[in-house]
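> 3D model of this:
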Amino acid sequence: MKSHYQILVIGGGTGGIMTASRMLQLNGALDIGIIEPSDKHYYQPAWTLVGAGTYDYKKTERPMASVMPEKADWIKDYATEFDPDNNRVITKTHGPVTYDYLVVSPGLVMKPELIEGLPEAMDKGVVCSNYTDPIHTWKVLKNFKGGNAVFTQPTTPIKCGGAPQKIAYLAADFIRKHGLAKKSNVIFATPGTTIFGVPQIKKTLDKVIDRYGMIFKPFYAPVKIDAEKQIITFKYTKPDTKSYDVEAGNVIGERNTGPLTVEMPFDMLHLAPPQGPPDFVSKSPLANQDGWLDVDKHTLQHKKYPNVFGLGDVAGLPTAKTGAAIRKQAPVVIDNIFKLMKENHIGKKSYNGYSSCPLVTAYGKMVLAEFDYDNNFTPDPKLKQMLVFDSSKEHWRLWMLKKYGLPYLYWNKMMKGKDV
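Residues are numbered from 1 along each chain as shown. Alright, predicted model coming up:
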């Protein structure tokens with residue numbers, strides 16, 4: 001095993017594989033090593049559909065060896081420590097590996113311990129999460145017979161910020177189709193202030209919520225889960241609020257347990273677990289004050305170490321953490337590294353915060369939220385070729401894109417370093 005690489009990539013997820021594959025497409029003579037311990041690579045965007053019983057989980061999984069670029073060295077190991085002053089990464093079993101340029105893209109990790117009772121409740125009984133076990137989510141949804149179906153998300157950043165509400169819409173559609181709507185309450189409780197930050201998308205989603213008769217609860221941060229009693233506790237987080245009183249005898253059985261705390265019973269609970277950067281990143285010299293990789297939001301170059309770049313979920317960027325974001329980030333990282341190698345300065349390409357959230361709103365319907373750092377709606381002009389002229393509205397063609405088009409592009413274009 002070599003101990004030095006021209007370009008060292010941390011992570012065999014979307015960011016790491018796409019970047020390394022594209023670099024080798026452009027220059028097959030590059031010396032690239034990829035540190036990744038996992039045997040399998042997952043297409044996680046389809047897990048929403050798996051959780052709703054409309055996609056085969058096995059199709060989301062492929063051997064890591066099948067996506068590794070042939071010309072790159074796969075270092076099957078864990079990165080445990082960064083030593084950027086000496087251009088070194090320490091690995092668990094292979095020892096130190098040095099580099100000329102470093103690309104950091106290990107993703108994020110689940111931190112269920114940040115909500116009391118969640119580690120014990122996770123993926124058991126009627127508590128489920130598409131983030132960890134979408135097959136269990138489908139089992140819970142299939143077995144739901146009425147009552148409170150509660151969907152929520154944490155106060156931490158999460159991958160694909162729209163995922164917790166996508167499964168809520170699909171569940172609401174499932175409940176309606178199975179004649180359970182009259183004896184069910186579908187509740188979406190979020191620490192956020194609004195259903196979506198892009199005005200055009202919010203307008204559509206407000207109509208979707210109304211159509212299903214869903215109960216939307218903003219400023220609700222989950223703090224505790226009692227799986228045995230099937231009760232979730234929320235803290236009401238609206239700024240400058242000293243007390244929050246729920247209506248006595250309300251339809252969902254909420255009750256106050258303190259000036260700003262509310263208990264809510266559930267018969268199904270789906271949540272995104274709290275998430276955060278891996279420890280080897282958050283405790284390293286490469287992290288910002290919140291533990292995320294400290295890169296410039298436009299160049300994706302590290303703010304202190306010019307030969308270090310980062311992309312994907314681990315990057316401390318003020319935009320949604322999605323695969324679509326990575327698709328726009330990778331070309332910027334690649335251009336900057338190539339320019340540094342040839343001309344000793346970074347290129348002029350700039351990442352504008354583009355991200356995309358395919359918001360499935362029913363079986364057979366989807367809205368495509370594409371936006372930048374300023375929450376401007378930025379639809380891809382290519383959508384017109386699909387006869388989708390306003391992607392802020394629900395469309396069956398967008399559902400087909402989500403279910404068939406995007407997985408194909410992922411495996412056959414993005415993972416192979418081809419232009420998308």
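> quick check: domain ranges of the chain?
Under the assignment automatic domain parsing, the domains of the chain span 4-108+277-353, 112-273.
> start and end of the first one, how far apart?
It stands for domain 4-108+277-353. 33 Å (CA to CA, to the nearest Å).
> also stretch 225-244?
20 Å.
> repeat for stretch 392-409
For stretch 392-409, the end-to-end distance is 22 Å (CA to CA).
> what mean pLDDT does that stretch have?
The predicted model assigns stretch 392-409 a mean pLDDT of 97.
> do stretch 89-106 as well
So the average pLDDT for stretch 89-106 ends up being 97.
> what do you get for stretch 331-340?
pLDDT averaged over stretch 331-340 gives 98.
> export it as CSV, just CAs?
Taking Å, rounded to 0.1, in the frame of the first residue of the first chain, the C-alpha atoms of stretch 331-340 are listed here in CSV:
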residue,chain,number,x,y,z
PRO,A,331,-16.9,20.8,-10.8
VAL,A,332,-15.8,23.8,-8.7
VAL,A,333,-13.5,21.6,-6.5
ILE,A,334,-12.0,19.9,-9.6
ASP,A,335,-11.4,23.1,-11.5
ASN,A,336,-9.7,24.7,-8.4
ILE,A,337,-7.4,21.7,-7.8
PHE,A,338,-6.4,21.5,-11.5
LYS,A,339,-5.7,25.2,-11.7
LEU,A,340,-3.6,25.0,-8.5
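> run through who's touching that stretch.
7, 19, 22-23, 26-27, 101, 103, 298-301, 306-307, 309-311, 345-347, 349-351 (CB atoms under 8 Å, 6 or more residues apart in numbering). Backbone N, C-alpha and C define where each C-beta goes, glycine included.
> if we go to 7 Å?
Contacts to stretch 331-340, defined as CB atoms under 7 Å, 6 or more residues apart in numbering, come from residues 7, 19, 22-23, 101, 103, 299-301, 309, 311, 345-347, 349-351.
> which of these are buried?
Burial by neighbour count, 16 or more other CB atoms under 10 Å: within the contacts of stretch 331-340 this picks out 7, 19, 22-23, 101, 103, 299-301, 309, 311, 346-347, 349, 351.
> so among those, where is pLDDT lowest?
Scoring these by pLDDT puts residue 347 last, at 91.
> backbone torsions only: list them for it.
Residue 347 has phi and psi values of phi -80, psi -170 when expressed as degrees, to the nearest 10.
> residues in contact with it?
335, 336, 339.
> I'd like to know how many residues surround the second one.
Neighbours of residue 336 under the rule other CB atoms under 10 Å: 22.
> okay, buried residues for the helix or strand where it lies please.
Take DSSP states H and E as the rule and residue 336 turns out to sit in helix 323-343. Residues of helix 323-343 classed as buried by neighbour count (16+ other CB under 10 Å): 323-338, 340.
> same list, the domains of the chain, but as CSV with distance to residue 393 please.
CSV is the format used below for the domains of the chain (distance: least, CB to CB, whole Å):
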stretch, distance to residue 393
domain 4-108+277-353, 19
domain 112-273, 6
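> so which of these gets nearest residue 409?
domain 4-108+277-353 (9.0 Å; CB to CB).
> and for the residue lying closest to residue 51 once chain neighbours are set aside, the neighbour number?
Of all residues not flanking residue 51 in the chain, residue 137 sits nearest, at 3.5 Å (CB to CB, 6 or more residues apart in numbering). As a burial measure, residue 137 scores 27 neighbours (other CB under 10 Å).
> do I have it right that residue 137 meets residue 130?
Yes - with contact defined as CB atoms under 7 Å, residue 137 counts as touching residue 130 (5.3 Å).
> could you pull out the helices for the stretch 301-420 of the chain?
Assigned by DSSP state H, counting those that start in this stretch, the helices in the stretch 301-420 of the chain fall at 323-343, 396-400, 406-412.
> which pLDDT does the model give residue 1?
Looking at residue 1, its pLDDT reads 73.
> from memory it sits against residue 96, does it?
No - the pair residue 1 / residue 96 is not scored as a contact, 11.5 Å apart, by CB under 7 Å.
> which stretches of the protein form helices?
Per DSSP state H, the chain carries helices over the ranges 14-26, 47-51, 64-67, 118-121, 134-143, 163-177, 199-212, 279-282, 323-343, 396-400, 406-412.
> nearest to residue 231, out of those?
Between residue 231 and these, the tightest spacing by CB to CB is seen for helix 118-121, at 10.9 Å.
> who touches the closest one?
112, 113, 127, 225, 227, 273.
> average pLDDT across it?
Rounded mean pLDDT across helix 118-121 is 98.
> circling back: ok, of the contacts of residue 347, which one's closest to residue 38?
residue 336 (27.1 Å).
> distance of the closest one from residue 302?
11 Å (CB to CB, to the nearest Å).
> tell me who's in contact with the nearest residue to residue 358 once chain neighbours are set aside.
Excluding the flanking residues, the one nearest residue 358 by CB to CB, 6+ apart is residue 402, at 4.8 Å. If you count contacts by CB under 7 Å, 6+ apart, residue 402 has them with 358, 360, 366.
> residue 26: neighbouring residues, count only.
Residue 26 has 12 neighbours, counted by other CB under 10 Å.
> quick one, strands of the stretch 301-420 of the chain?
308-310, 355-362, 365-371 (DSSP state E, counting those that start in this stretch).
> the longest one: partners in the sheet, and parallel or antiparallel?
Using DSSP bridges, strand 355-362 pairs in its sheet with strand 365-371 (antiparallel).
> what's the pLDDT at residue 420?
The model's pLDDT for residue 420 equals 76.
> show me what the residue most central in space within the chain is bridged to.
Taking CA atoms, centre = their mean as the criterion, residue 159 is the residue nearest the geometric centre of the chain, at 1.8 Å. Counting by DSSP bridges, residue 159 is bridged to residue 321.
> now do residue 309
residue 103, residue 301.
> which ones are touching it?
103, 295, 300, 301, 302, 333, 336, 337.
> likewise for residue 181?
residue 175.
> ok, which stretches of the stretch 51-200 of the chain are strands?
Along the stretch 51-200 of the chain, the stretches classed as strands by DSSP E, counting those that start in this stretch are 61-63, 73-75, 79-83, 88-91, 96-104, 109-110, 127-128, 147-152, 184-189.
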